[in-house]
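this one's sequence-less:
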């Protein structure tokens, strides 16, 4: 498993709280886990999918994968939300597939930590097939998996397996990042599981 890299190594007392970018393929649990983390820590939460332009939603709903050009305006909106928080010292949690390094490069900055939620194709496929309220069809999972570029060693990121319950996954994320000196990360996680 990757650990947090770069400026976060060794931790520093009373650092500004981070913005966590929960990333991974559709169906890995980003929205559910992000909601738990934001609720436990009292942080702002943004569902990245709600920032997609209507054309992107329609394209995905019809079973067509997005191109890099399709994603660019969406990534810029996600990055703007992140910057509004980091520039003002506000913690937050945002979901974004962030499948490619180049996408993460648009989003990265000081106090931004990527949290890559991973699981087997079967595990995620079952979750995706069971979802009724999302525009992303299960048929695009293989496209997303082939597009996914793993976190690289120089990225501020952790990789978390989604094999446990959403509460367990959220508690693991909080536990793994709380030792780095962020103010509200020092609060308890008893409500996460």
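Perfect, I can see it now. If you're wondering where the values come from, they're calculated on a predicted model, not measured in any experiment. Numbers count the residues shown, from 1 in each chain.

for the chain, which strand is longest?
Ordering each strand of the chain by length in residues (DSSP state E) puts strand 112-118 first.

and that one, what other elements does it pack with?
If contacts are counted by 3 or more CB pairs under 8 Å, 6 or more residues apart in numbering; DSSP states H and E, strand 112-118 sits against strand 19-23, strand 157-161, helix 166-177. Just so you know, the C-beta spots here come from the backbone N, C-alpha and C atoms, and that holds for glycine as well.

apply 7 Å and report the result again.
Packed against strand 112-118 by the contact rule (3 or more CB pairs under 7 Å, 6 or more residues apart in numbering; DSSP states H and E) you find strand 19-23, strand 157-161.

figure out how far that strand is from the centre of its chain.
Distance, stretch centre to chain centre, for strand 112-118: 5 Å (CA atoms, centre = their mean, to the nearest Å).

start at 169, not 1
From this message on, residue numbering opens at 169, which makes the last subject strand 280-286.

that strand: which residues count as buried?
Across strand 280-286, burial judged by 16 or more other CB atoms under 10 Å covers 280-286.

export the helices and strands packed on strand 280-286 to JSON lines and tack on mean neighbour count?
As requested, the helices and strands packed on strand 280-286 are exported to JSON lines (neighbours: other CB atoms under 10 Å):
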{"stretch": "strand 187-191", "mean neighbour count": "28"}
{"stretch": "strand 325-329", "mean neighbour count": "21"}
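
so which residue is dead centre in the chain?
Centroid-nearest residue in the chain: residue 190, 1.1 Å away (criterion: CA atoms, centre = their mean).

who's in contact with that one?
198, 201-202, 261, 263, 283, 285 (CB atoms under 7 Å, 6 or more residues apart in numbering).

at 10 Å instead, please
Applying CB atoms under 10 Å, 6 or more residues apart in numbering to residue 190 gives the contacts 196-203, 205-206, 213, 216, 261-266, 281-285, 328, 337-338, 341.
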